[in-house]
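> coordinates for the following, if possible.
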Amino acid sequence: KVFTVTSSPEFIITSVDQTLTCNIGGLDGTPATVTWKDPDNTEVSESDTTNYGIDQGTVDASGAQAAVLTIKTSKLATFTSSSSVTYKCSVKSSLYTNSPISADVDVVANIQYATLAVTAVNKEQLTGTDATISCTVAGLTKVLDRVKWTKSDNTSITSDQGGYTIVDGTLSGDSQTTTLTVAGAQNNIDTTYNCLITSTEHSQTDKSTAVSLKVFTVTS
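Predicted structure coming up:
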């Protein structure tokens, strides 16, 4: 029997615990045993709970297992001058214990030292037409923990109610864009909305950014 071992580069920051994943495919239900090595090629010990957490993972219905290494802030603090660090994972069958361990697979962590930045994307358009405004949040390694939108009087907006639609957005590289679509019936005067984002990795809760939606008329 054979299995595969793969990984994808990750973006990490050093202010909160970060995770790296080693993906194993082609298993028959029994989780494999994953061994991790640090950037100095030293095996990561499960007893080193000050610096690491190791989750071997389970096998899903497709035969895939995701083993996760958590790098804690105490260890991340030592990466002060690095732009990236490379950990390694290797895999050994637990189904047939006399099987050899796999070759090491690099798991690259690209370190970001950027701070959180929120950019409002304002709009001006014809009154009575559907409009979409947005906030782009940069400096992320993880999807935002929460996104909210409010009206200028700080009244909360509920998606798909009252002519409003909210899309939280997904992480793309180091940024995430959340949008608010305002139906034409609601878009008849200049209005300021607020996007509020929560990011535990940046210790931000309901950080508010004003976004303007202005309207104009056309007559003849």
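> strands paired with the longest strand seen in the chain, and their directions?
Longest strand in the chain, counting residues (DSSP state E): strand 204-216. Using DSSP bridges, the strands paired with strand 204-216 are strand 123-126 (parallel), strand 191-199 (antiparallel).
> what's the most buried one of the ones you listed?
Of all these, strand 191-199 has the most neighbours on average by mean count of other CB atoms under 10 Å, namely a mean of 20. Placement of C-beta: from N, CA and C, glycine included.
> ok, the spatially most central residue of the chain - contacts?
By CA atoms, centre = their mean, the chain has its centre lying nearest to residue 142, at 2.2 Å. Contact partners of residue 142, counting by CB atoms under 8 Å, 6 or more residues apart in numbering, are 171, 199, 201.
> next, format the strands paired with strand 204-216 as CSV and append mean pLDDT.
Below are the strands paired with strand 204-216 laid out as CSV (pLDDT from 0 to 100):
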stretch, mean pLDDT
strand 123-126, 96
strand 191-199, 97
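> out of these, which gets nearest to residue 101?
Residue 101 lies closest to strand 191-199 among these, at 38.2 Å (CB to CB).
> redo the strands paired with strand 204-216 as CSV? Include distance to residue 86.
Shown next, in CSV, are these (distance: least, CB to CB, whole Å):
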stretch, distance to residue 86
strand 123-126, 43
strand 191-199, 26
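> so which of those gets nearest residue 217?
Nearest to residue 217 among the strands paired with strand 204-216 is strand 123-126 (7.5 Å), distances taken as CB to CB.
> after that closest one comes which helix or strand?
Sequence-wise, the next helix or strand downstream of strand 123-126 (DSSP states H and E) is strand 131-138.
> what about the helix or strand following that following strand, average pLDDT?
Next in sequence after strand 131-138, counting helices and strands by DSSP H and E, comes strand 146-150. The average pLDDT within strand 146-150 is 98.
> quick one: strands adjacent to the helix or strand of the chain with the lowest mean pLDDT?
Ranked by mean pLDDT, DSSP states H and E, the helix or strand of the chain with the weakest confidence is strand 10-12, at a mean of 88. With DSSP bridges as the test, strand 10-12 is paired with strand 105-111 (parallel).
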